[in-house]
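Trainee: show me how the following folds:
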Amino acid sequence: MKRLRIVHKTEYHYREPVRFGPHRVMMRPREGHDVRIVGGRLHIEPQADIRWLRDIYSNSIAILTFAEPSERLLIHGEADIDYLRDNPVEALIDPGARFFPFQYAPEEQLELVQYRLPSYPYDGAALRDWLRALYSPGHVIETFDLLNNLNSHIYKSLTYNHRDEPGVQTPCDTLSRGTGSCRDYAVLMMEAARHWGFGARFVRGYIQMAEGQHGATHAWTEIYIPGAGWHGFDPTNNKMAGSEHIAAAVAREQEKASPVSGSWSGPANAFSHMTVSVQVVAL
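Mentor: Reported below is the predicted structural model:
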C-alpha cells in the first residue's frame, strides 16, 4: 500500500468582475477496490454553494453555484488516497477472449454498446488504413499482444506535444500531424480499439512522476477485456496503467471528463488568463 496526496489548483483571472454560471468540477479521485480516499477538501473563491452528485459513469462531480461577481475564480482540490496495490495490475483474461478476434458474451455486448460505437465515424477509413500495419482480418493474435502493440505503435510513431488549449484533435488530425498531447493519444487509442470491436473509454486523472518532479494531469484509455475487466493503457508513456495512475473521471468521450467546466458573463475582453498547478506526492 502507498499513500499519495493530490493537489490540483485551477485559477482564472479577469480584467474586471464577472458573474459565474454553474460550474462542474471533477477533481475527486475515483474510489474502488484499489483506491481509497482518506481525506480531502475543495476550496472555492469566491464563495460558492457546493452540491455533490454522481453522473452516469459514477464519477463524483461537485456542482458550484455563485452569488457574487469576482475578478478571480480559484478552484483548489486536495485528496489523500491509499493505493492498496503497489504493483501493476495483473489480469486473468477469460479463455474465450485470450485470442483476437473474439466475441463478447451477449450480456456484455448489451452493456458495452455505447463504448463500442465510434465517436468519430468519419475517421474510420483513415484508421483502417493506419491499423493494417498491426492487424489484418483473418489473422489470430493474443489479445493483450494486439493491444500492447497498438499502445507501442502510437508511442513510437507519433511525437508528443504538450497543448494547453482545450479540446482534442480528431484521430485523423493526430495521424496527419504526427503529433499530439496525452488526451489526443488517448482518443486515438480509444477509437482504434473500437474499430476492432473493443469496448473502450476515455480516462482523465493524475499521474505520479519520477522522484523530484511534480505530478501532472493525464489522460489514458481503458479497454474492456473479458475476465480482466476495464484495463488501462497509457500510449503517452508506452505502458499499462499502474499504481502511478489515479483516475478522476471516465467517459465515453473526453468532453464529459473535463476537470472544470462552466460559464461566465461579462465584457467579451474580460478574461485575462488562467493557471493550473498539479502535485502528486508520496506521503
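
Trainee: return the set of buried residues in whichever strand in the chain runs longest.
Mentor: As assigned by DSSP state E, the longest strand anywhere in the chain is strand 2-25. Judged by neighbour count using 16 or more other C-beta atoms under 10 Å, the buried positions of strand 2-25 are 4-10, 12, 14, 18, 20, 23-25. Every C-beta, even on glycine, is put in place using the N, C-alpha and C of the backbone.

Trainee: what separation do you get for residue 239 and residue 154?
Mentor: 12 Å (C-beta to C-beta, to the nearest Å).

Trainee: just to revisit the earlier point, how distant is the longest strand of the chain from the center of its chain?
Mentor: Its chain's C-alpha centre and that of strand 2-25 lie 18 Å apart, by C-alpha atoms, centre = their mean, to the nearest Å.

Trainee: please export the C-alpha coordinates of the helix or strand following that strand as CSV.
Mentor: Using DSSP states H and E, the next helix or strand after strand 2-25 towards the C-terminus is strand 35-45. Output of strand 35-45 as CSV, limited to C-alpha atoms (Å, rounded to 0.1, in the frame of the first residue of the first chain):
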residue,chain,number,x,y,z
VAL,A,35,-8.1,3.2,-4.3
ARG,A,36,-9.5,4.6,-1.1
ILE,A,37,-9.8,8.3,-0.2
VAL,A,38,-8.7,9.0,3.4
GLY,A,39,-9.0,12.8,3.4
GLY,A,40,-9.6,15.8,1.2
ARG,A,41,-11.1,19.2,0.7
LEU,A,42,-12.4,21.5,-2.0
HIS,A,43,-11.8,25.3,-1.6
ILE,A,44,-13.5,27.8,-3.8
GLU,A,45,-13.0,31.6,-4.2
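
Trainee: so what does strand 35-45 touch, helix or strand wise?
Mentor: Using 3 or more C-beta pairs under 8 Å, 6 or more residues apart in numbering; DSSP states H and E, the elements in contact with strand 35-45 are strand 70-83.

Trainee: and the strand it packs on, what's buried?
Mentor: Here strand 70-83 shows 70, 73, 75, 76, 77, 78, 79, 80, 81, 83 as buried, counting by 16+ other C-beta under 10 Å.

Trainee: distance between the helix or strand just after that strand and the chain's centre?
Mentor: Going down the chain from strand 70-83, the next helix or strand is strand 99-100, by DSSP H and E. Centre-to-centre, strand 99-100 and its host chain are 26 Å apart (C-alpha atoms, centre = their mean).

Trainee: in which helix or strand does residue 191 reside?
Mentor: helix 182-195.

Trainee: by contact count, what packs against that helix?
Mentor: Packed next to helix 182-195, using 3+ C-beta pairs under 8 Å, 6+ apart, are helix 124-131, helix 143-157, helix 171-177, strand 199-207, strand 216-225.

Trainee: and residue 65, which of the ones you listed is closest to it?
Mentor: Across these, residue 65 has its closest neighbour in strand 199-207 (23.5 Å, C-beta to C-beta).

Trainee: between the closest one and strand 70-83, how many degrees?
Mentor: 100 degrees (axes from the mean of the first three to the mean of the last three C-alpha atoms, to 10 degrees).

Trainee: return the set of buried residues in strand 199-207.
Mentor: Buried residues in strand 199-207 (16+ other C-beta under 10 Å): 199, 200, 201, 202, 203, 204, 205, 206, 207.

Trainee: so where's the protein uncertain?
Mentor: 86-91, 210-215 (pLDDT under 70).

Trainee: not counting sequence-adjacent ones, nearest residue to residue 104?
Mentor: Using C-beta to C-beta, 6 or more residues apart in numbering and skipping residues adjacent in sequence, the residue nearest residue 104 is residue 112, 6.2 Å away.
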